[in-house]
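Colleague: Pasted the sequence and its predicted model underneath.
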4 protein chains.
Amino acid sequence: MPKLGMEPIRRAALVEATIAEIGSSGTLDVTVAQIARRAGMSSALAHHYFGGKEQIFLAAMRHTLTVYAAGVRGALAMAKGPEQRLEAIVRASFASSNFRREVVAAWLNFYVLAQASDDARRLLAVYQWRLRSNLTYDLRPLVGARASDVADRIAALIDGVYLRQTLGLKNVQGHGQPDEAAAVATVMGCLTLELQRGTT
Amino acid sequence: MPKLGMEPIRRAALVEATIAEIGSSGTLDVTVAQIARRAGMSSALAHHYFGGKEQIFLAAMRHTLTVYAAGVRGALAMAKGPEQRLEAIVRASFASSNFRREVVAAWLNFYVLAQASDDARRLLAVYQWRLRSNLTYDLRPLVGARASDVADRIAALIDGVYLRQTLGLKNVQGHGQPDEAAAVATVMGCLTLELQRGTT
Amino acid sequence: MPKLGMEPIRRAALVEATIAEIGSSGTLDVTVAQIARRAGMSSALAHHYFGGKEQIFLAAMRHTLTVYAAGVRGALAMAKGPEQRLEAIVRASFASSNFRREVVAAWLNFYVLAQASDDARRLLAVYQWRLRSNLTYDLRPLVGARASDVADRIAALIDGVYLRQTLGLKNVQGHGQPDEAAAVATVMGCLTLELQRGTT
Amino acid sequence: MPKLGMEPIRRAALVEATIAEIGSSGTLDVTVAQIARRAGMSSALAHHYFGGKEQIFLAAMRHTLTVYAAGVRGALAMAKGPEQRLEAIVRASFASSNFRREVVAAWLNFYVLAQASDDARRLLAVYQWRLRSNLTYDLRPLVGARASDVADRIAALIDGVYLRQTLGLKNVQGHGQPDEAAAVATVMGCLTLELQRGTT
DNA sequence: AATGAATGAGGATTCATTCAT
DNA sequence: GATGAATGAATCCTCATTCAT
């Protein structure tokens, strides 16, 4: 029962399915047919709407990064002062919407995709640039000239926690399923020390 | 001219070629034929020696991790006292033998491989366990009960620096090519603060 | 705004588009979607009007041959006597309405279509039969019993000139774009000799 | 039972099969699988040896043109004097090795291929150039300045006879199966008149 | 020890065609 | 009348893997 205006619905379904499929296989070795099946349509339709596999991947990536960015933006909107804002960024980074098994696995694979696709690399670069920019902005009043270095450290730490999470091992001290609290604690531990040290 | 004792030579050549090929493509989407060609032999011979593609990958992984472990061990042997030993671990992690573009790219892909292969996951788990164990051992006398948390933090930070390096962006403040000094500085910055805080 | 009597307009547009598309690609490897797009409608509508791809092709063929036949008929109507009529046929064959790059390319492909489609073969056969018939009729009084042979020769020559034109090479001595005058000269050269020889 | 030196054998088999397949379908719409099956191997092997479908087609074309050229060369070697040489060319053009149903059909399709492939176009251009060159060379002493025009005429006539043959209609007065004698007669009829006219 | 030969399985992509609106 | 939606069926091509030599 074909209707009009299916395109956005189909595209969204495919993006979700792509993340889920990458997440569940842990790999980019996912066929368009698998993705399409999970999204409830034929692979031909997937091609029709996206033009090709890489574009499907890129759309999934864009979506993931957009959701992440929205989370950070929302958290920042409610935070008062640099300290709160920094913690908001960290918490948003591990909010349950992003820090789920499948999303984390997809994230890892986006880094791989970025090795081969310029578009993908650009997307990731923007994400990193924004994160670093956000961190630096709020670190400046707190740690002065060290802001830049500290931002790098925190950003790397966040990515590192994500990366370790992909193994499904206890990233900090717990479970196996992503542990938001532990992840936040790991990063905040570092951040706290930096803030204590201050601008020296 | 078939020779005796060719096996170890062939295997080593294939392992090197595998890392190089993964490194240069940035992906596990590498054909056995490519690897074999780079190693100067037919793909049939590669199969003969390793039995299959996955085993080639695993051997490459094992090799990479072994080289890394040897580097750490060597560095530890010359270090005196916990502080020196900790720094030795960090330095070894970014020693030029490991921290090269292609090796870093391979490393990333090993994390992906670990998502799909139990053997690969085990190898990475051992690496992480060993790193954490080393760190905890030397942190204990310096930060007491916090050793475990700090070890997690440092380990995650190291992996994060690696991960960011894959994008070829400035991982800390510079360049584009792996910058050993910057990487060490990033991690040591965190470690120093932790040590300053001590056991409180 | 659906209108009445759209059918003939749509059909004509599709036929034109088909010839143009075959002409510009040089091949029958043309998708219905391409044709429909060029004709300014959806491919579904193209199917609606023609029932299928082959019928679209056949319609384009029929149209091309019809235009050609009309050209010949018109030219014959104004010619006096066998010689003039023969020349009229030759001239009409290379009149600019037919002897255009895209039409020539389409023509070539109709020969290919005729290999696979009986309907197409019939259409071409009729064209050839008519041409031969026209030629023979006017040759008879001029070359007597040789009329049949000469007609074959002239007909083959006309087709040969068309065929060579598809390569875009100098069909006779010049250019690259269809050269009506040169084509006519080539054929008339042969015809003139035959007429000079007469009925012997 | 794999042997060595299979490559030339396989390639030859594929070339033959390609011509046969194009000939029997009358189209370039032939799948690699069909060709490979006819040649007694898997389609994968066909790709292995040729790299792709277009190259298979080009090889078939090259082969066809090479056989034709060899035929002409052989005929010329035994001919004495311009007249004999000219007739030799014409006869060779319709020798049974070339003038077979399937080869003629393939020939037609090579013209189509030439519309889309530069390599194919080049091959056909070389054939035409050689034919024209051969004709002109021997026509010069017989028809003087008209050599060039006459060569064009004869060449076009030869191609036209081929083209008409693709329809399987009586190209001259007979049969349905290629009629070598009739074809030769058609072309020689024209040539004879030209020679009689001489250099005027 | 080493490889050319060979293939089955699979995957991205295209396209004619159908259908509900 | 007209079209977006949707798909099954192909087709080209790749590749890991096997085997006979």
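Modeller: Thanks, I have the structure now.
Colleague: for chain A, what are the low-confidence residue spans?
Modeller: Scanning chain A for pLDDT under 70 picks out the ranges A:1-3, A:169-177.
Colleague: Close to DNA strand E: what parts of it are there?
Modeller: A:1-4, A:30-33, A:43-44, A:47-48, A:51-54 (C-beta under 7 Å from any atom of the strand). The way it works is simple: take the backbone N, C-alpha and C, and place the C-beta from them, glycine included.
Colleague: and these, which are buried?
Modeller: Among the residues of chain A next to DNA strand E, the ones that count as buried by 16 or more other C-beta atoms under 10 Å in any protein chain shown are A:Val30, A:Val32, A:Ser43, A:Lys53.
Colleague: who are the neighbours in contact with the second one?
Modeller: So that's A:Val32. Residues in contact with A:Val32 (C-beta atoms under 8 Å, 6 or more residues apart in numbering or on different chains) are A:Ser43, A:Ala46, A:His47, A:Lys53, A:Ile56.
Colleague: Which of those fall within helices?
Modeller: Among the contacts of A:Val32, the members falling in helices (DSSP state H) are A:Ser43, A:Ala46, A:His47, A:Lys53, A:Ile56.
Colleague: What number of residues are in the vicinity of the last one?
Modeller: In other words, A:Ile56. 24 (other C-beta atoms under 10 Å in any protein chain shown).
Colleague: so how far is DNA strand F from the closest residue to it other than its chain neighbours?
Modeller: Spatial nearest neighbour of A:Ile56, excluding adjacent residues (C-beta to C-beta, 6 or more residues apart in numbering or on different chains): A:Phe50 at 4.6 Å. Taking C-beta to the nearest atom of the strand, to the nearest Å as the measure, A:Phe50 falls 12 Å from DNA strand F.
Colleague: Also A:Thr192?
Modeller: Separation of A:Thr192 from DNA strand F (C-beta to the nearest atom of the strand): 48 Å.
Colleague: if we can go back for a sec, what is the burial count for the residue nearest to A:Ile56?
Modeller: Other residues close to A:Phe50 by other C-beta under 10 Å number 22.
Colleague: do the same with A:Leu65
Modeller: 18.
Colleague: Enumerate every residue touching it.
Modeller: Contacts of A:Leu65 (C-beta under 8 Å, 6+ apart): A:Leu123, A:Leu124, A:Val126, A:Tyr127.
Colleague: related to what we said a few turns ago, now distance to D:Arg62 too, for the contacts of A:Val32, in a markdown table please.
Modeller: Formatted as a markdown table, those follow (distance: C-beta to C-beta, whole Å):
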| residue | distance to D:Arg62 |
| --- | --- |
| A:Ser43 | 38 |
| A:Ala46 | 40 |
| A:His47 | 35 |
| A:Lys53 | 35 |
| A:Ile56 | 40 |
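Colleague: Phi, psi for A:Arg62 please.
Modeller: As for A:Arg62, its main-chain torsions (degrees, to the nearest 10) stand at phi -60, psi -40.
Colleague: Surely it and A:Arg122 touch.
Modeller: No: assessed by C-beta atoms under 8 Å, A:Arg62 is found out of contact with A:Arg122, at 10.5 Å.
Colleague: So A:Phe99: helix, strand or coil?
Modeller: Secondary structure, DSSP: H, G, I helix; E, B strand; the rest coil: A:Phe99 is coil.
Colleague: Against B:Arg153, how distant is it?
Modeller: The gap separating A:Phe99 from B:Arg153 is 17 Å, by C-beta to C-beta, to the nearest Å.
Colleague: repeat for A:Ser93
Modeller: 15 Å.
Colleague: Ok, A:Leu135 next?
Modeller: Here A:Leu135 is placed at a distance of 17 Å from B:Arg153 (C-beta to C-beta).
Colleague: got it, and A:Arg85?
Modeller: Taking C-beta to C-beta, one finds A:Arg85 at 22 Å from B:Arg153.
Colleague: Compare neighbour counts for the two and give me the winner.
Modeller: B:Arg153 (26 against 20).
Colleague: Name the next helix or strand following the one helix or strand that one maps to along the chain.
Modeller: Here B:Arg153, judged by DSSP states H and E, is contained in helix B:147-166. In the C-terminal direction, the helix or strand that comes right after helix B:147-166 (DSSP H and E) is helix B:180-197.
Colleague: Tell me which other helices or strands that next one touches.
Modeller: Under the contact criterion of 3 or more C-beta pairs under 8 Å, 6 or more residues apart in numbering or on different chains; DSSP states H and E, helix B:180-197 touches helix A:147-166, helix A:180-197, helix B:81-93, helix B:118-143, helix B:147-166.
Colleague: Buried ones in the second one, by neighbour count?
Modeller: The neighbour-count criterion (16+ other C-beta under 10 Å) identifies A:180, A:182-195, A:197 as the buried residues of helix A:180-197.
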